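[1] What would the 3D arrangement of this be:
(4 chains)
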Number of protein chains: 2
Amino acid sequence: MARQARALATRQAVLLAAAEVFDERGYAAATMSEILERAGVTKGALYFHFGSKEELALAVIEGQGAWLATWRPTSDSPVQTLIDLGYAFAHALVDDPMVRGSIRLTIEHGSFTQPQIAAYQRWSDAARALLEQARDAGDLHPGLDPAAAAGVITGAVTGIQLSSQVLTGRRDLLQRMADLWTMLLPGLVQPHALARISVAERAPGGGPGQAPTPAAGTGD
Amino acid sequence: MARQARALATRQAVLLAAAEVFDERGYAAATMSEILERAGVTKGALYFHFGSKEELALAVIEGQGAWLATWRPTSDSPVQTLIDLGYAFAHALVDDPMVRGSIRLTIEHGSFTQPQIAAYQRWSDAARALLEQARDAGDLHPGLDPAAAAGVITGAVTGIQLSSQVLTGRRDLLQRMADLWTMLLPGLVQPHALARISVAERAPGGGPGQAPTPAAGTGD
DNA sequence: GGTAGAATACCTACTGGACGGTATGCGATT
DNA sequence: AATCGCATACCGTCCAGTAGGTATTCTACC
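    Modelled structure (predicted):
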């Protein structure tokens, strides 16, 4: 597909710079000039890889899916895996510029319409799949709808993350995540399952590293 | 202060139009031209009342505080009041353009920094006050921190609202709110108190109407 | 293994348009 | 008659995108 290694490198540089600028300024306020400058490439190079500002933003959003796709279960317990996923995501929100930019663009629903619906859906689907496993294992409260719970959890995580960012620059994100799980789990899982779950973060680092295979090309 | 009734009317028209446009496009993508057009006023009129685009946005954000300030407890039970407040807010998010625009601007943390922190804080403080009352009444789980719970609740509501907007244009907002309370309350209040609380929406309409006294003037 | 030439990858300079904000003037209200 | 409230016309700036040329890398053939 992409022929030269050099091309891949500049493409990645552009994507990273774009993610950073989109994260800091938002889509509309971000300027191509700042992205160019930060990536250390020229306008011609950028527009060779990405046909427009919007196309570039879509490629950044796609990075979120790439991150999620690298996630692997961390426990036999689906609920525990869900909690671990939440913490890994929280770390990515602090450390991984691609994820940060992607999330900001996803939250800004203005300019586009379809793509960030897909992004939300991906998270919700992942959570629902884990919750369905938990239900089948008899861990959840009877009558609890995994889809509804998945919606609540993804929404809550989204909002927790957002308020943490606005209020403290995400400095208290981990604490807020712990608070969320502490208060939410009793309404989801039965007491016998609750006893086997660690609500606090387990592994200090956690999460997939930088995605090895970058976003699929949306170019040309 | 404001001398003529006509002036107040145009000011309100501008504010309303601005709230709508900010809600639909976001701060940066919103143009003054569209606000002018929708308000049916000219540039001179607008800039007489608001010195800049940012000042106009701040006035819109202030509408959120005005809405919250008109809220009055709806029940003897603080927790029930909190739930009712959530539903009233959900209705305002659907019906009240000022609240919608204000929320969108609050969520976009890019251009400003201070004001929307205040907006978040107001919600968090309101929730914390109610939760402290609930704690003093012995309704909460012992050891539960009202401030932490308030943070979780405001964050969760923020995110629920946001995902509902992106995914369904807020059509399922009420359902998602009900889901949230159903799953969250067991982690907050003790069983004996839980029995006295209605998690579903109680009054069909609900919430303060359009704020009678508009936002305090930031113009001069 | 050297070279023509064809893609591929990138650079520079420019453009057209839109946008926020201002200067100035004029009727209405007090 | 003086302030208030608003209208019109204009300005400087900045930005996404493009046109057209240049460098780099790959392929093919000798």
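
[2] how about the residues of chain A near DNA strand D?
    Proximity of chain A to DNA strand D, by CB under 7 Å from any atom of the strand, involves residues A:3-6, A:30-33, A:43-44, A:47, A:51-54. For glycine as for every other residue, the C-beta is placed from the backbone atoms N, C-alpha and C.

[3] which of the residues you listed are buried?
    A:30, A:32, A:47, A:53 (16 or more other CB atoms under 10 Å in any protein chain shown).

[4] Show me which residues of the lowest-mean-pLDDT helix or strand in chain A are buried.
    None of the helices or strands of chain A scores lower by mean pLDDT, DSSP states H and E than helix A:114-136, at a mean of 90. Neighbour counts over helix A:114-136 (16+ other CB under 10 Å) mark A:115-117, A:119-120, A:123-124, A:126-128, A:130-135 as buried.

[5] quick one, the helix or strand that that helix is followed by and helix B:114-136 angle?
    Sequence order places helix A:146-168 as the next helix or strand after helix A:114-136, per DSSP states H and E. Angle of helix A:146-168 versus helix B:114-136, following axes from the mean of the first three to the mean of the last three CA atoms, to 10 degrees, is 120 degrees.

[6] returning to what we had before: which one among the buried residues of helix A:114-136 gets closest to DNA strand D?
    Using CB to the nearest atom of the strand, residue A:115 comes nearest to DNA strand D of these, at 16.0 Å.

[7] you'd agree residue A:184 is up against residue A:155?
    No. The pair residue A:184 / residue A:155 is not scored as a contact, 11.4 Å apart, by CB atoms under 8 Å.

[8] Who has more neighbours out of these two?
    Per other CB atoms under 10 Å in any protein chain shown, whichever of residue A:184 and residue A:155 has more neighbours is residue A:155, with 28 against 23.

[9] State the pLDDT value of residue A:165.
    On the pLDDT scale, residue A:165 is placed at 90.

[10] How about residue A:214?
    40.

[11] Assign residue A:51 to helix, strand or coil.
    Following DSSP: H, G, I helix; E, B strand; the rest coil, residue A:51 is assigned to coil.

[12] Now do it against chain B, distance only.
    For residue A:51, the distance to chain B (CB to the nearest CB, to the nearest Å) stands at 20 Å.

[13] if I look at that residue, how far off is residue A:19?
    Distance from residue A:51 to residue A:19, counting by CB to CB, to the nearest Å: 18 Å.

[14] ok, now how distant is residue A:70 from DNA strand C?
    According to CB to the nearest atom of the strand, to the nearest Å, residue A:70 stands 25 Å off from DNA strand C.

[15] Provide a list of residue ranges in chain A with pLDDT below threshold.
    A:1-3, A:109-116, A:203-220 (pLDDT under 70).

[16] Which residues of it lie near DNA strand C?
    Taking CB under 7 Å from any atom of the strand as the test, the list of chain A residues beside DNA strand C reads A:2-4, A:6-7, A:9-11, A:41-45, A:47-49.

[17] State the helix or strand in which residue A:74 lies.
    Short version, using DSSP H and E: residue A:74 is in no helix or strand.

[18] Excluding chain neighbours, what is closest to it?
    Among residues not flanking residue A:74 along the chain, residue A:84 sits closest, at 4.3 Å (CB to CB, 6 or more residues apart in numbering or on different chains).

[19] Neighbours of the closest residue in space to residue A:121 that isn't next to it in sequence, how many?
    Excluding the flanking residues, the one nearest residue A:121 by CB to CB, 6+ apart is residue B:167, at 7.5 Å. Residues lying near residue B:167 (other CB under 10 Å) number 20.

[20] give the contact list for the nearest residue to residue A:144 once chain neighbours are set aside.
    When the adjacent residues along the chain are set aside, residue A:144 lies closest to residue A:188, with 6.5 Å between them (CB to CB, 6+ apart). Going by CB atoms under 8 Å, 6 or more residues apart in numbering or on different chains, residue A:188 touches A:79, A:131, A:140-141, A:144, A:149, B:183.

[21] Please work out how many residues are found near residue A:142.
    For residue A:142, using other CB under 10 Å, the count is 7.

[22] Relative to DNA strand C, how far out is it?
    Separation of residue A:142 from DNA strand C (CB to the nearest atom of the strand) stands at 54 Å.

[23] Quick check: phi and psi on that residue?
    Dihedral pair for residue A:142: phi -60, psi 140, per degrees, to the nearest 10.

[24] Enumerate the positions of stretch A:181-200 that are buried.
    Within stretch A:181-200, the residues scored as buried using 16+ other CB under 10 Å are A:181-189, A:193, A:197, A:199.

[25] Those residues in helices, which ones?
    Among the buried residues of stretch A:181-200, the members found in helices (DSSP state H) are A:181-184, A:193.
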